[in-house]
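1. Coordinates for the following, if possible.
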Amino acid sequence: MSAPTIGGVTIPRGNGSLVRIRQGASLSDFAERIDANPASLVTVLFHLGEMATATQSLDEETFALLGAELGYEIRMVSPEEEERELFESFDIDLEFGVDTEEEANLRARPPVVTVMGHVDHGKTKLLDAIRNANVVAGEAGGITQHIGAYQIHKEHEGIDRALTFIDTPGHEAFTAMRARGAKVTDIAILVVAADDGVMPQTIEALNHAQAADVPIVVAVNKIDVEGANPSKVRQQLTEYNLVAEEYGGETMFIDVSAKQGLNIDELLEAVLLTADAALDLRANPDRDARGVAIEANLDRGRGATATVLIQSGTLRVGDAIVTGSSYGRVRAMLDEHGNQLPEAPPSRPVQVLGLSSVPRAGDTFVVAPDDRTARQIAERREAADRAASLAKARKRISLEDLNAALAAGKVDTLNLILKGDVSGSVEALEDALLQIDVGDDVDLRIIDRGVGAITMNNINLAMASNAIIIGFNVRAEGQNAEYAEREGVEIRYYSVIYQAIEEVEAALTGMLKPEFVEVELGTAEIREIFRSSKFGNIAGSIVRSGEIRRGAKARITRNGVVVAESIEVAGLRRFKDDVVEVREGFECGINLGSFNDLQLGDLIATYEMREKPRT
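-> Reported below is the predicted structural model:
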């Protein structure tokens, strides 16, 4: 088949050949793959009703449209494939795990345990009891706003065993955090309050754990509280395929009281027994470290820090690492008590210092051969992320859609800039805000997000884009706060996530155009018609329901069919007197202005348009 000519431009025909491109690629990237001129592809897209420049990031739908026109099958490379190709280009082996390692190199590693459950069921207090430290006191509203990772030691069958614990927040806004916690974990402790029973986030946490194929140990907490019913919890959870051992199932249920410190040892025993029975927890400690960033934040004294969980290999001080688009050399590693560590083996959570910027929670990290390679990988990742986000943000509009958009009128947009103290909270807040649904009339855009105090750059961006800045456990200080106030940039501060969600939802609802509904005021039946040379036809009527008001809008129906709409009640008389309103059961004369097409038996319905409150 010959090459197609569109708009005088000849393009090579693909004949169904496969082209693999990364997410967020541009027309120039595609042109390079098919050996075409990028300018000619711009022309083709224009003729297909799409406007784009050669360097603009495009979404998957646009590439599919272009591929269908030119005869190419376009496949978008997944982030995982892209990651693999990126690391292969730097000769870094990403394949690791029990299946790919030689048996002789594998050593036993501690289990990684995630504590999950509903809000206020005592997850953080349970961790307090396990590690004898108090985290709740410093938390707003008693809610875990961050993810923490800790390692404790327990003697089991005469051997000192380590266990790594990850705490996940229970509030519904932190879905992404719970999902991430389930993915990096070996065993989940599902905390259920004995007085409350199974609640929405209990089920959600359970679904995350089961989706990740993670063994579950149930901690029935608050057994010391009045009204506690541990057997009810066991019965409720049987509906979700968690059958207690005493009922003939395989799930271990332990009744505990985090407040009183009851049965904490039994819970740890249950976790270790489950780990030994159900899992092959081994890793190779003698290779370069691989793992995941659980949390990250910007510390005023230490700079960008990240809490990382080593999944394979051993991380050492001085290693060049790359996590997400952040890179650096490990200056120091701290454990959960702030003590410096020279190295961290598999399953060890540590806080790493020395990164160039704050990574995102959930980013994988690897050790690179040297600083230069780490920087290059990070820069490539950052460029790919930027291109993908640009493609996602690009609003596709065809020539047909353009007319519809113009006819519909302007779409109101609320622009937000999110700043938080840690990466996980910012991610959770963004996720929750983007799920707010107020229909198609209002658009919510998060134009920037980051970790750390609110800076001058954030305020300038807010000025340029008419955005509101949301500070979650961070503030604008000194001259930045004064500058924001002087320039009229609104900054909202929050320490509890659901307050931020509620207020943004209220703001979005306030931006909606008023919605009006018709409210019927009254109806009147025409009994007689009087002719007047001065006023036209007067409808002698009896009010059947409600009231008829002078000045109200009216609709005339004849045998159930509307014959006239939006007529004004110009005059209203009772006998010889002009009146403002006539109530149900009374007779009156109604003047409908210039409308004279009246017949006996016609029904006059009056109504008004009232603004409907947004819910």
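
2. Just the buried positions in the lengthiest strand in the chain, please.
-> Using DSSP state E to define each element, the chain has its longest strand at strand 515-532. By neighbour count on 16 or more other Cβ atoms under 10 Å, the buried set for strand 515-532 is 521-524, 526. In this view, the C-beta of every residue, glycine as well, is placed from N, C-alpha and C.

3. What is it packed up against?
-> Strand 515-532 is packed against strand 536-549, strand 587-591, strand 603-612, with contacts defined by 3 or more Cβ pairs under 8 Å, 6 or more residues apart in numbering; DSSP states H and E.

4. 7 Å instead?
-> strand 536-549, strand 603-612 (3 or more Cβ pairs under 7 Å, 6 or more residues apart in numbering; DSSP states H and E).

5. winner for burial among those?
-> strand 536-549 (a mean of 19; mean count of other Cβ atoms under 10 Å).

6. going on from that one, what's the next piece of helix or strand?
-> Scanning forward in sequence from strand 536-549 by DSSP states H and E, the next helix or strand is strand 553-558.

7. if we can go back for a sec, the helices and strands packed on strand 515-532: which one's closest to Phe165?
-> Within the helices and strands packed on strand 515-532, the stretch nearest Phe165 is strand 603-612; the backing value is 49.8 Å (Cβ to Cβ).

8. quick one: the helix or strand encompassing Arg75 to chain centroid distance?
-> Assigning secondary structure by DSSP H and E places Arg75 in strand 72-77. Its chain's C-alpha centre and that of strand 72-77 lie 28 Å apart, by Cα atoms, centre = their mean, to the nearest Å.

9. And the helices in the stretch 201-350 of the chain?
-> 230-238, 264-278 (DSSP state H, counting those that start in this stretch).

10. Format the ones you listed as a markdown table; extra columns: mean neighbour count, distance to Pro285 and mean pLDDT.
-> Listed next are those as a markdown table, based on neighbours: other Cβ atoms under 10 Å; distance: least, Cβ to Cβ, whole Å; pLDDT from 0 to 100:
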| stretch | mean neighbour count | distance to Pro285 | mean pLDDT |
| --- | --- | --- | --- |
| helix 230-238 | 18 | 37 | 91 |
| helix 264-278 | 18 | 18 | 91 |
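
11. nearest to Val44, of these?
-> Among these, helix 264-278 sits nearest to Val44 (Cβ to Cβ), with 55.9 Å.

12. Can you spell out which helices and strands pack onto that closest one?
-> Helix 264-278 packs on strand 148-156, strand 159-167, strand 187-193, strand 216-221, strand 252-255, going by 3+ Cβ pairs under 7 Å, 6+ apart.

13. tell me, which of the ones you listed is the model least confident about?
-> Ranked by mean pLDDT, the helices and strands packed on helix 264-278 end with strand 148-156 at the bottom, a mean of 82.

14. Quick one: list the elements packing against that strand.
-> helix 123-131, strand 159-167, helix 264-278, strand 349-355.

15. Where does pLDDT dip in the stretch 501-615 of the chain?
-> Screening the stretch 501-615 of the chain residue by residue with the criterion pLDDT under 70, one finds the ranges 509-515, 613-615.

16. show me the contacts for the most far-flung residue of the chain relative to its centre.
-> For the chain, the largest distance from the centre (Cα atoms, centre = their mean) belongs to Ser533, which lies 68.8 Å off. Shown in contact with Ser533 (Cβ atoms under 7 Å, 6 or more residues apart in numbering): no residues.

17. Could you point out which of the helices of the stretch 201-350 of the chain sits nearest Asp597?
-> Nearest of the helices of the stretch 201-350 of the chain (Cβ to Cβ): helix 230-238, 67.8 Å.

18. what's that closest one packed up against?
-> Other elements packing on helix 230-238 under the criterion 3+ Cβ pairs under 7 Å, 6+ apart are strand 216-221.

19. Could you spell out the sheet neighbours of the strand it packs on, each with its direction?
-> strand 187-193 (parallel), strand 252-255 (parallel) (DSSP bridges).

20. Relative to Gln435, which of those strands is closest?
-> strand 187-193 (24.1 Å).

21. How far does that closest one sit from its chain's centre?
-> 24 Å.

22. which other residues reach it?
-> Counting by Cβ under 7 Å, 6+ apart, 111, 113-117, 121-123, 126, 182, 198, 202, 205-206, 209, 214-222, 233, 271, 274-275 sit against strand 187-193.

23. how about 6 Å then?
-> Residues from elsewhere that reach strand 187-193, judged by Cβ atoms under 6 Å, 6 or more residues apart in numbering: 111, 113-117, 121, 123, 126, 202, 209, 214-222, 233, 271, 274-275.

24. Let me know the angle separating that strand from helix 123-131.
-> 120 degrees (axes from the mean of the first three to the mean of the last three Cα atoms, to 10 degrees).

25. unless I'm mixing things up, Met116 is touching Ala205, no?
-> Yes: taking contacts as Cβ atoms under 6 Å, Met116 lies within contact range of Ala205: 3.7 Å.

26. lowest-confidence helix or strand of the chain?
-> helix 399-408 (a mean of 42; mean pLDDT, DSSP states H and E).

27. need the next SSE after that one, C-terminal direction.
-> Per DSSP H and E, the helix or strand that comes after helix 399-408 is strand 412-420.

28. tell me how far the ends of stretch 501-519 are from each other?
-> 33 Å (Cα to Cα, to the nearest Å).

29. Check stretch 110-128 too.
-> 20 Å.

30. now it: how far from the chain's centre is it?
-> For stretch 110-128, the distance to the chain centre is 23 Å (Cα atoms, centre = their mean).

31. ok, now stretch 228-247?
-> With Cα atoms, centre = their mean, you get 32 Å for stretch 228-247.

32. Give me the contact list for it.
-> 192, 194-195, 197-198, 206, 220, 222-223, 249, 251, 253, 255.

33. about what we covered before: so the residue farthest from the centre of the chain versus Ala570, what's the distance?
-> 16 Å (Cβ to Cβ, to the nearest Å).

34. so which of the strands paired with strand 216-221 comes closest to Met333?
-> Nearest of the strands paired with strand 216-221 (Cβ to Cβ): strand 187-193, 24.7 Å.
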